[in-house]
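Participant: Here is a sequence with its predicted model. Questions after.
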Amino acid sequence: MMVVLAVIAILALMAIPSFRDQIVRDQINTALPLADIAKAPVAASWAIAQSFPADNAAAGLPAADKIVNNQISSVRVEHGAVHVTFGNRANSALSGRTLTIRPAVVTDAPIVPVAWVCGYAEGPGKMTVMGVDRTDIPAHFLPFACRARGAPGSK
């Protein structure tokens, strides 16, 4: 009986870290739709003027600390890039960390719609990724679409 309990305890201890990673990944996936608020005006700016708004005010958005939800403490636009800062009730592994979503464009064909590149991911072929990536979340916490191929720390 003691051996069975010991085996169960060892298996449980092995499962806890992956369970925590999944909780953090789920919080990121749940929070990301809030960034969609900033994507539309950024894409519209590119379609109209082939330039990106410098900040939230230029994009016609409220101040960064006014765009919040349970996991996100701010959504900031910086030259087209959308920086999502986690806070409020986010897991402690995320609190104060940033995930950047950057626009990718075909510079000589502005009619092509803006594509969005999340975190450490690479941009689509023949598109130029604009803005600075300020992502500081460890890659293993990010959804697979936000990781670079072969990045260290991505499981």
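Facilitator: Everything's here; your move.
Participant: Across the sheet, point out what pairs with the most centrally placed residue in the chain.
Facilitator: The centroid of the chain falls nearest to residue 99 when counting by CA atoms, centre = their mean (3.8 Å). Listed beta-bridge partners, residue 99: residue 84 (assigned using DSSP bridges).
Participant: residues near the spatially closest residue to residue 90 that is not a sequence neighbour, how many?
Facilitator: Counting by CB to CB, 6 or more residues apart in numbering, residue 71 is the residue found nearest to residue 90 once chain neighbours are left out, at 4.3 Å. For glycine as for every other residue, the C-beta is placed from the backbone atoms N, C-alpha and C. Under the neighbour criterion other CB atoms under 10 Å, residue 71 is assigned a count of 22.
Participant: likewise residue 114?
Facilitator: So residue 114, with other CB under 10 Å, has 22 neighbours.
Participant: looking at it, it is touching residue 102, isn't it?
Facilitator: No - between residue 114 and residue 102 there is no contact under CB atoms under 8 Å: 9.9 Å.
Participant: Sketch out the helices for the chain, chain order is fine.
Facilitator: 2-31, 36-49 (DSSP state H).
Participant: which helices and strands sit right next to the helix or strand of the chain with the lowest mean pLDDT?
Facilitator: Each helix and strand of the chain was given a mean pLDDT (mean pLDDT, DSSP states H and E); the minimum falls on helix 2-31 at a mean of 82. Under the contact definition 3 or more CB pairs under 8 Å, 6 or more residues apart in numbering; DSSP states H and E, helix 2-31 sits against strand 81-86.
Participant: try 7 Å
Facilitator: Using 3 or more CB pairs under 7 Å, 6 or more residues apart in numbering; DSSP states H and E, no helix or strand is in contact with helix 2-31.
Participant: buried residues in that helix?
Facilitator: 24-25, 27-28, 31 (16 or more other CB atoms under 10 Å).
Participant: Then stretch 90-106?
Facilitator: 90-91, 94, 97-105.
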